[in-house]
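>>> sequence and predicted structure, then a few things I'm wondering about:
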Amino acid sequence: MAIASSSSSAGEDFSRFTARRIGSGTGRDRVRSVAWNLDGRRLATGGTDKSLRIFLPDKDVRSGTEYRGHTGEISVVRWNPTHPERLATVSSAAQDKGLRFWDLRQGSKPTSVIETNGMNITMTWSPDGRYLVVGNRSDDIMWIDADEQTVIRKTRMPKETNEAFFSHNSTLLTTLVFGDAQIVAFPSNEPVHSIPVANLPITVGDLDPRGRYMAFGSNDTTLSLWETQDFTCVATSGAHDDHVRTCRFSHDGAYLASSSSGQNIHIHNVPTLSEAHVLPVSGGAPADALAWHPTKNVLAYAGQDAWIWGAGV
């Protein structure tokens, strides 16, 4: 069934939205990551069954194409921001150290592999498509030049380090280091600013599509919104009862979706962070990953399985 288009998200009627499972289920295996590609035609998933799957939700949500190459569970899937058929994956398994690049036009195997330290749990791609930043459970951070297929920086961080994200022009990198959001110039690594967000580790962060706000979720259960001019906090939300697992802005920045270990996804209005909707996670498992469609108010999420939620899905 085709995904209905939304020309404006102002006053979106979420009550008309429905959820649909992607794929036919994988038994006891669990989906860990979901991601829409550049044009929104493809949805990629990865999880504990060690396979990358590519779906075409507008055509068929029941089956996808399987790609094999990992020896451990796939923890993060990210599409190249400049190409609709290229993507990268990493694994959280200690023995599966390879950052794998894929090109859907070149078969079902990775096109190249870059060795990392393993146990990878975060990955982000610069908007210009050239660089990736990968982080692992031991707080090792690697900067990778995707064009040259080389590692350009390795850093063992002194404190717990979680997600990172780039500015939209790829010249700034924000890394979540314990309770601070540390902003540096990229790739010179010159410090620009440090935002003291929380007294406990910040687990997740995102930059809104217009570059006006940054959102952070932390282990103190708080979700907060910060403006990017003076780096001041403009709103907070206590909707979650546990540490925030993920938060993602909608395609136009009007909404922010967030999840924790509870079985609800919260949709917040931006910039107030007031509650717009509460979405029960289908399948009864917490949502480990969220991804908004690049042009529509359609949300993909990973619970036990992968699901999409929107009008007409």
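Yep, it's here.
>>> ranges for the helices of the protein?
Under the criterion DSSP state H, the chain carries no helices.
>>> so, low pLDDT: which residues of it?
For the chain, residues meeting the criterion pLDDT under 70 lie at 1-10, 24-27, 61.
>>> top strand in it by residue count?
Under DSSP state E, the strand in the chain containing the largest number of residues is strand 60-68.
>>> doesn't Q263 make contact with V278?
No. Contact between V278 and Q263 fails when scored by C-beta atoms under 8 Å: they sit 10.4 Å apart. Yep, even glycine has a C-beta here, placed from its N, CA and C like the rest.
>>> what sits against T236?
Residues in contact with T236, defined by C-beta atoms under 8 Å, 6 or more residues apart in numbering, are T222, L223, S224, L225, L273.
>>> and the fourth one, how far from D208?
Here the criterion is C-beta to C-beta, to the nearest Å. By it, L225 lies 9 Å from D208.
>>> intersection of neighbour lists for those two?
Among the neighbours of L225, those also in contact with D208 (C-beta under 8 Å, 6+ apart) are M214, A215, L256, V270.
>>> columns neighbour count and distance to N189 on top of those, output as JSON lines?
Written out in JSON lines, the entries for the shared contacts of L225 and D208 read as follows (neighbours: other C-beta atoms under 10 Å; distance: C-beta to C-beta, whole Å):
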{"residue": "M214", "neighbour count": "24", "distance to N189": "19"}
{"residue": "A215", "neighbour count": "26", "distance to N189": "24"}
{"residue": "L256", "neighbour count": "28", "distance to N189": "29"}
{"residue": "V270", "neighbour count": "23", "distance to N189": "30"}
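>>> can I get these in TSV including distance to I195?
Formatted as TSV, the shared contacts of L225 and D208 follow (distance: C-beta to C-beta, whole Å):
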residue	distance to I195
M214	8
A215	12
L256	17
V270	18
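>>> in strands, which of the residues you listed appear?
Counting by DSSP E, the shared contacts of L225 and D208 contribute M214, A215, L256 to strands.
>>> for the first one, list the residues it contacts.
Looking back up the chat, that one is M214. Applying C-beta under 8 Å, 6+ apart, the residues near M214 are T174, A181, I195, G205, D206, L207, D208, L225, W226, T228.
>>> ok, now which ones touch N189?
Per C-beta under 8 Å, 6+ apart, neighbours of N189: R153.
>>> once you drop chain neighbours, what's closest to I54?
Nearest in space to I54, with sequence neighbours left out and distances taken as C-beta to C-beta, 6 or more residues apart in numbering, is T65 at 4.9 Å.
>>> the one you found and T228: what is the separation?
Counting by C-beta to C-beta, the gap from T65 to T228 is 38 Å.
>>> so which of those two has more stuff around it?
Applying other C-beta atoms under 10 Å to T65 and T228 shows that T228 carries more neighbours, namely 19 against 12.
>>> the more buried one against G211, yeah?
Yes. If you go by C-beta under 8 Å, T228 and G211 touch, sitting 6.1 Å apart.
>>> partners of G98 in the sheet?
Beta-bridge pairing of G98 under DSSP bridges involves E115.
>>> quick one on the thing from earlier: what is the longest strand of the chain packed up against?
For strand 60-68, the packing partners by 3 or more C-beta pairs under 8 Å, 6 or more residues apart in numbering; DSSP states H and E come out as strand 18-22, strand 51-56.
>>> what angle separates it from strand 18-22?
Computed with axes from the mean of the first three to the mean of the last three C-alpha atoms, to 10 degrees, the direction of strand 60-68 lies at 30 degrees from that of strand 18-22.
>>> sheet partners, orientation included, of strand 60-68?
As assigned by DSSP bridges, strand 60-68 forms pairs with strand 51-56 (antiparallel).
>>> and the strand it pairs with, how far out from the chain's middle?
Its chain's C-alpha centre and that of strand 51-56 lie 16 Å apart, by C-alpha atoms, centre = their mean, to the nearest Å.
>>> can you list contacts of that strand?
Contacts of strand 51-56 from elsewhere in the structure, counted by C-beta under 8 Å, 6+ apart, are 22-23, 41-46, 61, 63-70, 74, 77, 87, 89, 102, 104, 306.
>>> burial measure for the residue nearest to D49 when sequence neighbours are not counted, as a count.
By the measure of C-beta to C-beta, 6+ apart, the closest residue to D49 outside its immediate chain neighbours is D29, 4.0 Å from it. If you count neighbours by other C-beta under 10 Å, D29 ends up with 15.
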